[in-house]
Every structure is written in C-alpha cells, then in structure tokens.
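Enquirer: Kindly generate the corresponding structure for this input.
(one chain, ligands or ions: 2)
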Amino acid sequence: MIFAAKKTFKGGVHPLENKHYTESCPIEPVPTPRQLVLPLVQHIGAPCKPLVQKKQTVALGEPIGRSDAYVSAPIHSPVNGVVKDIALASHPVIGRTTAVYLEAVPEENPPRIPQPQRFDEHFDPGTFTPEQICTAIQEAGLVGMGGAGFPTRVKIDPNPAMPKHTLIINGCECEPYITCDYRIMLEWTWQILAGIRLAARAAGCQTVRIGIEDNKPEAVKAFEQALSRCRCEEDIQVVVVKTKYPQGGERQLIRAVLGKQVPTGGIPPQIGVCVLNVATCAAIAEAVVFQKPLTHRVVTVTGRAIARPGNYYVPIGMSVQDLLAHCGGLTERAAKVVLGGPMMGFAIADLTTPLTKTCGALTVLTREDVTEPKYARQQTACIRCGRCLAVCPEGLNPTKIAHAVKHFRMDRAEQYYLSACIECGSCSYVCPAHIELAGYIKTGKLLKAREKKRLG
Ligand code: SF4
Ligand code: SF4
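Expert: Numbering: from 1, shown residues only. Ligands and ions are numbered 1, 2, ... in the order given. Next up is the predicted model:
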C-alpha cells in the first residue's frame, strides 16, 4: 500500500461529505418496474439507432440500440418485455432525446441479484485473450460508470501511437452524499479485482494503482486483504490519497497517484495512462466472464427528504419516480431532486426521467439544504477576491471564462481554455458573490457544441 495523502492535486474544496445517510446501507436489488425507458444516448460519442420496432418482443440482455461508429456503445434490454413505443423522453443531461419504451410484466422479471461471490482469488485473467476482452466489453455496451460515460472499449483499446503502461482505478468517490462505489468496493471486491486484471491485460498495462481517498479505510482494507490472498502477476497496489473534492477527477487522480500532469486539453493516454472507475471494472468482469451486458447498476438514493435512503441495484431505464416510490417516496421537506451529487449533478424537473448507465445517485435536497445562506443569497458583482482561481483544479480563470460566455464571446472563452474545464463546480462553491461560474461555463460548452454542429 502507498500513502500519498500529502501528494494531492492543487486547488479543490472540502464540501460537507454527508455520506452517513447511506454508507452503511448494503446493496439491495429493486423489483422490476412495469415500464422502462431506454434513451438512445447514454454515452459520449455517436447516439445509437433503434434495433427494435413497436410491439416487438425483446428478451433480457438483447441489444435494442446500436451505432456503427467506433466511439459508441450498444444499449440492451434490462427485461423480458415488449416495445411499447420509440419516442422522445426526458434526458438528465441533454433535455429530450429518442428512447425505447419497454413494458415488462414484473412477475415474469424477478429482480436481478448481483453475484459477486462468483469471483475469488482463483480467478485467472489469462484464460481470455486481449481481443476477447475488448470484444466482450464492446458487445456489453460498457461505458465509464463514474459519470463521464466514455465507451470503455475505446478507452482500453491498445493504440500503438499512445501505448499505455499504467492503469489507475478510481475508487475516490469524492462527490458528497454518494456511496455506491464505496459499497461495491466493500461488497464486490473480488469482482472489481477480476475486472481490473482483465482491463490491465486488454490495455497492455503492467502497473495498476487503485486510488482510494483516506476517508474510506474499510475499502482500503478490503482491497489490501484481497491483494494479499491473490497470486496476481501484475504489479497492483492501493494508493491512499487525500480526501478532497474533486479528487476523483481523472486528471486530479493521475496527479495525486503518479505526480504527473496530463497536458491541458490532452488525454491520459498521452502520458501512457488509462483511468477506470471501480463500478466499470465490476461490469467488465461480468461482461467478459459471463457475457452479461450492462443492464443494471448500483444507484445511491440519498438525502434528508428520502424515507428509505440506500444503495439500490436498479435496471437501467427505471424512472426516477419509480425508484423514489420504492424508497418510500419523498417527505414533505423535499425541494430539489438531483441526478448525481450536489456538486456535479443535474437538478431535474421531470420525475419521469429515466436512469441511465452513468447515473450513480439520486440526491434529494430539502428546503433547508437549498435555503442555506450559501445558496439563498442573491448574486452580486464580482469582488475580485481570486478565490475561484485558487480552487480551480485545472488552474483556469473561471471568472474570465464566465464573463466571456455571458457576452457570447465564445472565441475569447476558448482563449481562456473553456474546453479544459472539468465542470467540477468548485469555483461556484467558493464564490462569495454567489456567481454561478460553473453554470456559465457549462452553458458556454453547450453553445460551442451547438455552433460546431451547425457549421458542421
Ligand atoms: S472553472 Fe471548471 S474546473 Fe475550474 S473550478 Fe470552475 S468548474 Fe471546476
Ligand atoms: S470567487 Fe467570485 S467574487 Fe471572487 S474573483 Fe471569483 S467570481 Fe469574483
């Protein structure tokens, strides 16, 4: 084990963790709902096209959407059911998009139970070739489950122009409230380790570092114990990093674990590194060993306004309202439902919004949460205190970018590295003038993407 607690990234903030609501809640499968909605956009890259038609019967695990593009990932049915419609649906990030509506008979679709006990210290990744691993990952529709949603196959595919030597596993889960990764690290340790070894084999990485924040000693212990019993040929070590937000950011984790900097605007393979989230590794193990596509995931449902907070194993495509109902519904104190955590999540107005592959949490904030002085006060003029610059983990000047976006000067925003922002929200969090800097920056990125599409 390596303690790198002092070697963290520059900048960042320390929001209240609020993990106590769910950190001791074991993963619990939920019953299959009657209706599921599968958006055809659940990843970065080309959207899928539907492979099914209205009234068609589909089987559990059957592909229902696919694209021929390299940067894409197929989408599979989480149930045995019937296609009711292919129509627009709410999407947590892009507003509305085309989706496949499925109807399922709950009695014919018992809850899927995770089976981490099928993995142990005897697992041998050598029984699969790198090509077999890459193909299984692609066919299973795996994407980064930490939130980014980049197709996993594209990430680990060997690239002779940028050979990878180190695989970093992201077990930080720095976003407040969320504990789904923490629980799978405790409950699915062997499965994650199997996925890690398969990914390292496919990507050609000889060195693996599992980065875990120092506020999760139980997770560190679980991996240490597993590694001591496993006869791994690979160089795998746990690196304990400082608890700080956004420590789980890909570039920030590389900085903390390896002390290396990914060039601004660059990608980790440029320095020979590949980063995968722990949940993605667990999914890799299922996909490669049991040919199971990504149809379910663990979601933390949390906050003071939830009757039964916990970590739930849910079918992708289940609606927010169905999951909230399963958790006992909302109490009257509920004021805001956020997909994700309070720092990087998206507040939603439509509770029929379905959960996607990248959604790891539903955080319900109360009136007290959203009327805390930090949020309640009116925005005022910038007082040039420089706090936003001091906390920006990417070393950007958030106030200058936001100012350029506000005046639709996208050329100038880009001169200040708009695209390099990781949308962590640290700048907005510390701003004493309550300027929604990260909001302006996100809007700027959206405007830029629309402009590119229009020209393009
Ligand atoms: S500018 Fe972007 S990366 Fe920097 S603190 Fe703000 S949101 Fe985070
Ligand atoms: S933190 Fe807010 S007030 Fe301070 S410089 Fe940045 S934008 Fe201005």
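
Enquirer: which residues are contacting stretch 116-129?
Expert: Identification of contacts with stretch 116-129 by C-beta atoms under 8 Å, 6 or more residues apart in numbering yields 133, 136, 187-191, 193-194, 197-198, 200-201, 226, 229-231, 282, 285, 288-290. For glycine as for every other residue, the C-beta is placed from the backbone atoms N, C-alpha and C.

Enquirer: change it to 6 Å
Expert: Stretch 116-129 has contacts (C-beta atoms under 6 Å, 6 or more residues apart in numbering) with 188, 190-191, 194, 197-198, 201, 229-230, 288.

Enquirer: How about stretch 280-293?
Expert: Stretch 280-293 is contacted from outside by 61, 76, 128, 133, 136-137, 140-142, 144-145, 152, 184, 188, 191-192, 194-196, 198-199, 294, using C-beta under 6 Å, 6+ apart.

Enquirer: Mind picking the two most distant members of the contacts of stretch 116-129?
Expert: Farthest apart among these by C-beta to C-beta are Arg229 and Val288. That separation is 21.4 Å.

Enquirer: More neighbours: which of these two?
Expert: The neighbour count for Arg229 versus Val288, taken as other C-beta atoms under 10 Å, is higher for Val288 (26 against 12).

Enquirer: which SSE is that one in?
Expert: Following DSSP states H and E, one finds Val288 within helix 278-290.

Enquirer: distance between that helix and the chain's centre?
Expert: Distance, stretch centre to chain centre, for helix 278-290: 15 Å (C-alpha atoms, centre = their mean, to the nearest Å).

Enquirer: Kindly report the same for stretch 360-380.
Expert: Distance of stretch 360-380 from its chain centroid, counting by C-alpha atoms, centre = their mean, is 22 Å.

Enquirer: can you check stretch 401-410 too?
Expert: When distances are taken as C-alpha atoms, centre = their mean, stretch 401-410 is centred 28 Å away from the chain's centroid.

Enquirer: Just the C-alpha atoms of that stretch, please, in CSV.
Expert: Output of stretch 401-410 as CSV, limited to C-alpha atoms (Å, rounded to 0.1, in the frame of the first residue of the first chain):
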residue,chain,number,x,y,z
ILE,A,401,-14.4,32.4,-18.9
ALA,A,402,-17.8,33.1,-17.4
HIS,A,403,-17.6,36.8,-18.4
ALA,A,404,-16.8,35.9,-22.0
VAL,A,405,-19.7,33.4,-22.1
LYS,A,406,-22.1,35.9,-20.6
HIS,A,407,-21.3,38.2,-23.5
PHE,A,408,-21.4,35.4,-26.1
ARG,A,409,-17.7,35.9,-26.8
MET,A,410,-17.0,32.2,-27.4
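
Enquirer: What spatial separation is found between the closest residue to Leu355 other than its chain neighbours and Leu324?
Expert: Residue nearest to Leu355 in three dimensions, not counting chain neighbours: Met318, with 5.4 Å by C-beta to C-beta, 6 or more residues apart in numbering. According to C-beta to C-beta, to the nearest Å, Met318 and Leu324 sit 10 Å apart.

Enquirer: Looking only at neighbour counts, state which of these two leads.
Expert: Neighbours per residue (other C-beta under 10 Å) separate Met318 from Leu324, with Met318 holding more: 24 against 21.

Enquirer: isn't the residue nearest to Leu355 right up against Arg34?
Expert: No - Met318 lies out of contact with Arg34 (C-beta atoms under 6 Å); the separation is 10.3 Å.

Enquirer: where does this protein have low pLDDT?
Expert: Along the chain, the parts satisfying pLDDT under 70 run over 1-6, 372-377, 455-456.

Enquirer: Might you enumerate the residues of it proximal to ligand 2?
Expert: With the criterion set to C-beta under 6 Å from any ligand atom, the chain comes near ligand 2 through 382-388, 399, 430-433, 435, 437.

Enquirer: mind giving me the domain ranges of the protein?
Expert: 2-22+114-290, 378-455 (automatic domain parsing).

Enquirer: will you turn those into TSV that also has distance to Asp369?
Expert: As requested, the domains of the chain are exported to TSV (distance: least, C-beta to C-beta, whole Å):
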stretch	distance to Asp369
domain 2-22+114-290	9
domain 378-455	14
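
Enquirer: Please convert the buried members of the residues of the chain next to ligand 2 into ChimeraX selection syntax.
Expert: One line in ChimeraX is enough to select the buried ones among the residues of the chain next to ligand 2; burial here means 16 or more other C-beta atoms under 10 Å:
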select :387,388,399,430,431,433,435,437
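
Enquirer: Among the residues of the chain next to ligand 2, which ones are in helices?
Expert: Of these, the ones assigned to helices by DSSP state H are 387-388, 399, 430, 437.

Enquirer: and which of these is nearest ligand 1?
Expert: The shortest gap between ligand 1 and any of these belongs to Leu437, at 5.6 Å (C-beta to the nearest ligand atom).

Enquirer: The closest one contacts Cys427, doesn't it?
Expert: Yes - under the contact definition of C-beta under 6 Å, Leu437 touches Cys427, with a separation of 4.3 Å.

Enquirer: list residues touching both of these two?
Expert: With C-beta under 6 Å, 6+ apart as the test, Leu437 and Cys427 both reach 388, 398.

Enquirer: Ser419 - nearest residue in space that isn't next to it in sequence?
Expert: Leaving aside its sequence neighbours, Ser419 sits nearest to Gly265 (C-beta to C-beta, 6+ apart; 6.5 Å).

Enquirer: check which helix or strand covers that neighbour.
Expert: Going by DSSP H and E, Gly265 is not part of any helix or strand.
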